[in-house]
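>>> what follows is a predicted structure for the sequence shown.
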There are 2 protein chains.
Amino acid sequence: MSGGATEFAKSAQLFNSSIATWAVSAAWDIDLFQALTEADEIDIPWYAKKEEMDEPSLRYLLRALSYADVVEVDVDRVTRGATFEEFAQSKGLFQWLTKGYGSLFQRMGEVVYDKHRTGDYIRRDSTAVSIACRDANDVFMDAAFTEVLNGLDFSVAADLGCGSGERLIQLAKRDPSVTCVGLDIAAGAIEVGTAAVAAGGLQDRVTLIRGDARKLGEYEAFKDVELMTSFLMGHDFWPREQCVELFRGIRTQLPNLKHFVLCDTHRNADDETPDLPLFTMGFETAHALMGQYIPTREEWYSVFEESGWKCVKQHVYSTPANTVIFQLERVDSE
Amino acid sequence: MSGGATEFAKSAQLFNSSIATWAVSAAWDIDLFQALTEADEIDIPWYAKKEEMDEPSLRYLLRALSYADVVEVDVDRVTRGATFEEFAQSKGLFQWLTKGYGSLFQRMGEVVYDKHRTGDYIRRDSTAVSIACRDANDVFMDAAFTEVLNGLDFSVAADLGCGSGERLIQLAKRDPSVTCVGLDIAAGAIEVGTAAVAAGGLQDRVTLIRGDARKLGEYEAFKDVELMTSFLMGHDFWPREQCVELFRGIRTQLPNLKHFVLCDTHRNADDETPDLPLFTMGFETAHALMGQYIPTREEWYSVFEESGWKCVKQHVYSTPANTVIFQLERVDSE
């Protein structure tokens, strides 16, 4: 029996790690990180019954988690494992991988062929991606973003690619004198966001618009904007010439704009394969499969320069790796 | 930058291993194992062009493979890596995992709930599963099966769950005096198999029937069967009482039957989580999610005994682990 573990050691490691990866996503789906934060231990049969779950399925889910030391299982008792805190933080990136882009990765062998790269060939779960990114934002980026904001003076803020508007809602709640406007191309996000704004009683100060970032000057709500933010979608503005044009437009079409806070994950040409940090390989591979170029940090600097922006400060994240908040100011405001 | 690799080391390992797992499946899809067996090295741009592939996508696929040492990439040149042979063998099990059951694993957090376990909730790709199992059969089981056959005397063979009939076609080709009959519940498999039998000019000696294993006695073609085989589906015969009844029926309804060769992967109650060998965690978890019980080897022995069969010999596989060929003989023939 034992031969299997040693003869195909690398295969077994990959195979089991994949199942554990799905299980980390599932653990978030079933609120297990929450439950095991609130309680030091959980009785498995009791929990399965209370949550109306199939007990064998729950047990195998826990076994997969225990493979990665996320939990420890002792007969009927499950407790936090050595990596519990780590995965409670990284869960959003796992959701991104498995539910967000899993269907694309599953078709990797198909979509490398030119003939399959036409039409609507990219299958991803945009809802899962946006939930995943929101969590990664909260866990990894929020503190640094707040720190950046504390150093800036503005009364009107805008968010490019605002999704369902969480960042703006947060901004508006933080300072009752601030008004906000968000722009996104996705009708669904704007709809969800508008409801959230109303639910928060912020409709007088937060406006979400479905529209085109290339026509900022045409939107009345943007004319007084002093701070522009854009999170985790900068690479979507590429190819380069298009990005330069957009960034120049942001500067020239908004006369009062003082600050541009851009946060994105870039490519790092020097990353060595065996040591690839969390997220990098997934992010870069998914975008290659989708035919989307990911710029390096140097390429970003070159875009800033050409479009009339200067990077005055940057905050570098270790997780997700190669992610940076670029704090930009207009060159002509100096 | 380097912080990402060390601070979230286990997350990065799982995350990257998952992408490598998809890439192993993809490598088989694009015939890379074949190509790198025929050539010692391949020029990446040349290969992408020849195969009409998107070069960046191919490069990221190769990077994911190189993470698991399946290949080595040196700028434009790709060669076999340290684990190439291992994954060239285990690729079928990876296809089983990613394309066969990937959609089920992706929904692990959903299908643990009782309310989601109704109707047609199991999504799997049966075609991928059958291609995967055929490859695993060829790689891991064929030699042992042939060895078992060499020790048996029969002129009429039957295969229960024959799928598209490869095993019977192989049997018929091996010995021109043998006639074969296969039974499967899937109309599609029988259709594909019947065409393959005709293409091999074996229609006089190989008959495939779509039907119910519980009514073997009603099929004229089965009355002379001396050898019954069944591969990798024994667990589908459970729950236990149903399996006992079926195995008893096989013995009582076929008067000339001498040998029953059953090959299946069983559960091993003693498997320790950190050392789970290749396939075990996937096989057991998928079946738990599907609500399908996997018997242990002891439970099999008990079924054999109760249904009038005796295990006279067994061949144990190390890969996939816990897989056994049970060579059975009728108790009443002694």
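Okay, I see it. Numbering: from 1, shown residues only, chains lettered A, B, ... in the order given.
>>> ends of stretch A:199-219, what's the gap?
This stretch, stretch A:199-219, spans 24 Å end to end (CA to CA, to the nearest Å).
>>> domain ranges for chain A?
Domains of chain A are assigned by automatic domain parsing as A:3-82, A:136-272+A:291-333.
>>> contact partners of stretch A:88-100?
Taking contacts as CB atoms under 8 Å, 6 or more residues apart in numbering or on different chains, the residues outside stretch A:88-100 that touch it are A:21-22, A:24-25, A:27-28, A:33, A:37, A:87, A:105, A:124-126, A:128-129, A:131-136, A:138-140, A:278-279, A:282, A:319-320, B:8, B:11, B:14-15, B:18-19, B:106. Bear in mind the C-beta positions are built from the backbone N, C-alpha and C, glycine included.
>>> what's the separation between residue A:79 and residue A:32?
According to CB to CB, to the nearest Å, residue A:79 stands 12 Å off from residue A:32.
>>> shared neighbours of the two, anything?
By CB under 8 Å, 6+ apart, the residues touching both residue A:79 and residue A:32 are residue A:71.
>>> who has more neighbours out of the two?
residue A:32 (27 against 14; other CB atoms under 10 Å in any protein chain shown).
>>> which residues touch that one?
Neighbours of residue A:32 in contact, by CB under 8 Å, 6+ apart: A:65, A:71.
>>> and the residue most central in space within chain A, what is it in contact with?
For chain A, the residue sitting closest to the mean C-alpha position, by CA atoms, centre = their mean, is residue A:133 at 2.6 Å. Applying CB under 8 Å, 6+ apart, we find residue A:133 in contact with A:92, A:96, A:163, A:232.
>>> now name the helix or strand holding the first one.
This means residue A:92. helix A:84-95 (DSSP states H and E).
>>> and the pLDDT at the residue nearest to the centre of chain A?
With respect to pLDDT, residue A:133 scores 88.
>>> now the closest residue in space to residue A:290 that isn't next to it in sequence, what are its backbone angles?
Closest residue to residue A:290 apart from its sequence neighbours, by CB to CB, 6 or more residues apart in numbering or on different chains: residue A:122 at 5.1 Å. Torsion angles at residue A:122 (phi, psi; degrees, to the nearest 10) stand at phi -90, psi 110.
>>> count of neighbours near residue A:122?
So residue A:122, with other CB under 10 Å, has 16 neighbours.
>>> how much space between it and residue B:81?
In terms of CB to CB, residue A:122 sits 29 Å off from residue B:81.
>>> same deal with residue A:207?
Taken as CB to CB, the span from residue A:207 to residue B:81 is 54 Å.
>>> same question for residue A:328.
Relative to residue B:81, and taking CB to CB, residue A:328 is found at 43 Å.
>>> ok, these two, which is more surrounded?
Ranked by neighbour count (other CB under 10 Å), residue A:328 and residue B:81 place residue A:328 first, with 24 against 20.
>>> doesn't the more buried one lie inside a strand?
Yes - counting by DSSP: H, G, I helix; E, B strand; the rest coil, residue A:328 falls inside a strand.
>>> report the contact partners of it.
A:259, A:260, A:261, A:262, A:304, A:309, A:310, A:311, A:312.
>>> now do the strands in chain A.
A:41-43, A:71-74, A:77-80, A:156-160, A:179-184, A:206-210, A:227-231, A:259-265, A:309-317, A:323-330 (DSSP state E).
>>> turn the contacts of residue A:133 into a markdown table, including neighbour count.
Formatted as a markdown table, these follow (neighbours: other CB atoms under 10 Å in any protein chain shown):
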| residue | neighbour count |
| --- | --- |
| A:92 | 23 |
| A:96 | 28 |
| A:163 | 26 |
| A:232 | 21 |
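>>> relative to chain B, which of those residues is nearest.
residue A:96 (9.6 Å; CB to the nearest CB).
>>> sorry, back to before: so how do I select the buried members of the contacts of residue A:328 in PyMOL?
Applying 16 or more other CB atoms under 10 Å in any protein chain shown to the contacts of residue A:328 leaves a buried subset, and the PyMOL line that selects it is:
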select buried, chain A and resi 259+260+261+262+304+309+311
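>>> return the member of the contacts of residue A:328 nearest to chain B.
Closest to chain B, out of all of the contacts of residue A:328 and judged by CB to the nearest CB, is residue A:311, at 17.3 Å.
>>> what residues are bridge-paired with that closest one?
residue A:328 (DSSP bridges).
>>> hmm, back to that, what are the buried residues along the helix holding residue A:92?
A:84, A:86, A:87, A:88, A:89, A:90, A:91, A:92, A:93, A:94, A:95.
>>> ok, now which ones touch the third one?
Residue A:87 makes contact with A:24, A:27, A:33, A:68, A:70, A:94, B:10, B:11, according to CB under 8 Å, 6+ apart.
>>> return the distance of residue A:44 relative to residue A:22.
19 Å.
>>> more neighbours, the two?
residue A:22 (28 against 18).
>>> please name the nearest non-neighbouring residue to that one.
Nearest non-adjacent residue to residue A:22 (CB to CB, 6+ apart): residue B:105, at 4.3 Å.
>>> and for that neighbour, the neighbour number?
26.
>>> wait, it touches residue A:19, no?
Yes - the pair residue B:105 and residue A:19 qualifies as a contact (CB atoms under 8 Å) at a distance of 6.5 Å.
>>> for the stretch 1-150 of chain A, what are the low-confidence residue spans?
Along the stretch 1-150 of chain A, segments meeting pLDDT under 70 span A:1-6.
>>> mind redoing it with 90?
Applying pLDDT under 90 to the stretch 1-150 of chain A picks out residues A:1-7, A:120, A:123-127, A:129-131, A:133-134, A:137.
>>> tell me the contacts of residue A:169?
If you count contacts by CB under 8 Å, 6+ apart, then residue A:169 has A:196, A:197, A:200, A:202, A:206 around it.
>>> go again with 10 Å.
A:162, A:180, A:182, A:193, A:196, A:197, A:199, A:200, A:202, A:205, A:206, A:208 (CB atoms under 10 Å, 6 or more residues apart in numbering or on different chains).
>>> with residue A:172 instead?
Residue A:172 neighbours (CB under 10 Å, 6+ apart): A:157, A:165, A:178, A:179, A:180, A:197, A:200, A:202, A:204, A:205, A:206.
>>> ChimeraX command to pick out the buried ones of these?
The following ChimeraX line selects those of these that are buried, judged by 16+ other CB under 10 Å:
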select /A:157,165,178,179,180,197,202,205,206
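>>> and the contacts of residue A:172, which is closest to chain B?
residue A:165 (26.5 Å).
>>> confidence score at that closest one?
91.
>>> check the residue lying closest to it once chain neighbours are set aside and give its pLDDT.
For residue A:165, ignoring the flanking residues on the chain, the nearest one in space by CB to CB, 6+ apart is residue A:193 at 3.4 Å. Predicted confidence (pLDDT) at residue A:193: the value is 92.
>>> helices of the stretch 151-300 of chain A, start to end?
For the stretch 151-300 of chain A, the helices defined by DSSP state H, counting those that start in this stretch cover A:166-174, A:187-199, A:240-253, A:280-289, A:297-306.
>>> out of those helices, which is the most enclosed?
Highest mean neighbour count among the helices of the stretch 151-300 of chain A (mean count of other CB atoms under 10 Å in any protein chain shown): helix A:280-289, with a mean of 24.
>>> was I right to think residue A:175 contacts residue A:153?
No - using CB atoms under 10 Å, residue A:175 is not in contact with residue A:153; the gap is 11.0 Å.
>>> higher neighbour count, the two?
It is residue A:175, of residue A:175 and residue A:153, that has more neighbours when counted by other CB under 10 Å, with 14 against 8.
>>> ok, now which ones touch that one?
A:149, A:154, A:155, A:157, A:205.
>>> confidence-wise, which of those residues comes last?
Out of the contacts of residue A:175, that is residue A:149, at 92.
>>> what about that residue, distance to chain B?
23 Å (CB to the nearest CB, to the nearest Å).
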